[in-house]
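K.L.:
What shape does this take:
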Amino acid sequence: MTTVYIPGTWDLLHVGHVRALERASQLGDRLVVGVEADDLVVISKGRLPVVAEEHRREMVDALRVVDDAIIYYSHDYAITIDQVGADILIFSGDHEAPRHLAAVKHMKDTGRCTMYLPRTPGVSSTSIRNTL
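P.N.:
Alright, predicted model coming up:
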């Protein structure tokens, strides 16, 4: 069984999120989604999310392609990667954030792979926030 793990904020759930999760689910047998804790969102984005962490986790978990959704409390992704038994780590987006590099190295060092999925053009939680 191949376990795919994709971490993210998943604030203001939108079609880009759904498409990323659908693509990620096609890469393995089990999709585990990491939902960034509110405190980490403040560190990574400089603001609180609109939707609280437990509500974001519940919404993501309700999607048919998701087998499990968990809240993660550290940007040391290796901890969660190993806890969920991830064979494939997915980052959504076309950039490699500095905090991703240690996780990518961990996956490589342990014989597992990392993939980046492209964002859906024209759709983002930030643009939705700005429109509101």
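K.L.:
remind me which residues of the protein are low pLDDT?
P.N.:
Counting by pLDDT under 70, the chain has low-confidence residues at 94-96, 127.
K.L.:
One more pass at 80, please.
P.N.:
The model of the chain has pLDDT under 80 over residues 93-99, 120-132.
K.L.:
so how far is stretch 88-101 off the chain centroid?
P.N.:
With Cα atoms, centre = their mean, to the nearest Å as the basis, stretch 88-101 stands 9 Å off its chain's centre.
K.L.:
Same check on stretch 118-129?
P.N.:
15 Å.
K.L.:
got the end-to-end distance for that stretch?
P.N.:
End-to-end distance for stretch 118-129: 21 Å, by Cα to Cα, to the nearest Å.
K.L.:
before we move on, what about stretch 2-21?
P.N.:
Using Cα to Cα, the end-to-end distance of stretch 2-21 comes to 15 Å.
K.L.:
which secondary structure element contains residue 54?
P.N.:
helix 53-61 (DSSP states H and E).
K.L.:
so whatever helix or strand comes next after that helix versus helix 53-61, what angle?
P.N.:
Per DSSP H and E, helix 53-61 leads on to strand 68-72 as the next helix or strand towards the C-terminus. Counting by axes from the mean of the first three to the mean of the last three Cα atoms, to 10 degrees, strand 68-72 points 150 degrees away from the direction of helix 53-61.
K.L.:
what's the spacing between whatever helix or strand comes next after strand 68-72 and its chain's center?
P.N.:
Proceeding N to C from strand 68-72, the next assigned helix or strand is helix 77-84, under DSSP H and E. Relative to the chain's own centre, helix 77-84 is displaced by 13 Å; criterion: Cα atoms, centre = their mean.
K.L.:
For helix 77-84, which helices and strands make contact with it?
P.N.:
Judged by 3 or more Cβ pairs under 8 Å, 6 or more residues apart in numbering; DSSP states H and E, helix 77-84 is in contact with strand 3-8, strand 30-36, strand 68-72, helix 101-109. C-beta coordinates here come from the backbone N, C-alpha and C atoms, glycine included.
K.L.:
would you list the ones you listed in TSV and tack on mean neighbour count?
P.N.:
Output for those, formatted as TSV (neighbours: other Cβ atoms under 10 Å):
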stretch	mean neighbour count
strand 3-8	24
strand 30-36	24
strand 68-72	18
helix 101-109	15
